[in-house]
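Enquirer: dropping a prediction and its sequence here:
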Amino acid sequence: MVPPDVVDARSRGHDGQAIAIQRFPADTSISAMTYAEFWLVYLCAHRRPGTRLLHYVGTSAGVVLLIAAIITVQWWFAAAAVLVGYGLAWTGHVAIEGNRPATFGHPLWSLVSDLRMLALWASGRLTPHLVRAASDAPPAAV
């Protein structure tokens with residue numbers, strides 16, 4: 001059983017391979033991190049495949065809706081992009097992961113990381129990042 005003041009980062013990789021466990025103190029401040037450190041914490045906050053799946057669908061739908069907004073000049077598509085993208089991602093955090101989305105601490109880094117995670121997953125290169133996140137705690141999280 002993981003104590004309530006610890007974030008358990010047990011996960012499975014893209015290929016289903018078990019990944020080691022890394023635990024970050026829940027009070028780790030992301031505002032004082034570099035992006036490289038944030039990326040590791042971000043991945044640990046997305047340790048469950050179902051959470052990542054909701055992010056992939058939400059991010060993909062959001063990108064498509066933003067493109068539709070630009071092409072059609074129908075700006076309600078842009079509003080829908082935000083609602084769909086964040087709605088699915090936050091559902092994963094609340095219903096599956098049981099944690100708080102990183103969007104609140106670093107909105108820009110969170111968006112960049114959503115896109116990065118989607119691109120790495122789509123290209124089959126996400127697993128090494130998940131393995132590293134599970135084994136390398138940022139200095140602030142020791």
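Expert: Received it, and whenever you're ready, just let me know what you need.
Enquirer: elements contacting the longest helix along the chain?
Expert: Taking DSSP state H as the assignment, the helix of the chain that covers the most residues is helix 49-72. For helix 49-72, the packing partners by 3 or more CB pairs under 8 Å, 6 or more residues apart in numbering; DSSP states H and E come out as helix 76-91, helix 107-122. From N, CA and C alone the C-beta is placed, and that goes for glycine too.
Enquirer: any idea of the mean pLDDT in that helix?
Expert: Average pLDDT, helix 49-72: 97.
Enquirer: angle of it against helix 76-91?
Expert: For helix 49-72 against helix 76-91, the angle by axes from the mean of the first three to the mean of the last three CA atoms, to 10 degrees is 170 degrees.
Enquirer: which residues touch A36?
Expert: Residues counted as contacts of A36 (CB atoms under 8 Å, 6 or more residues apart in numbering): none.
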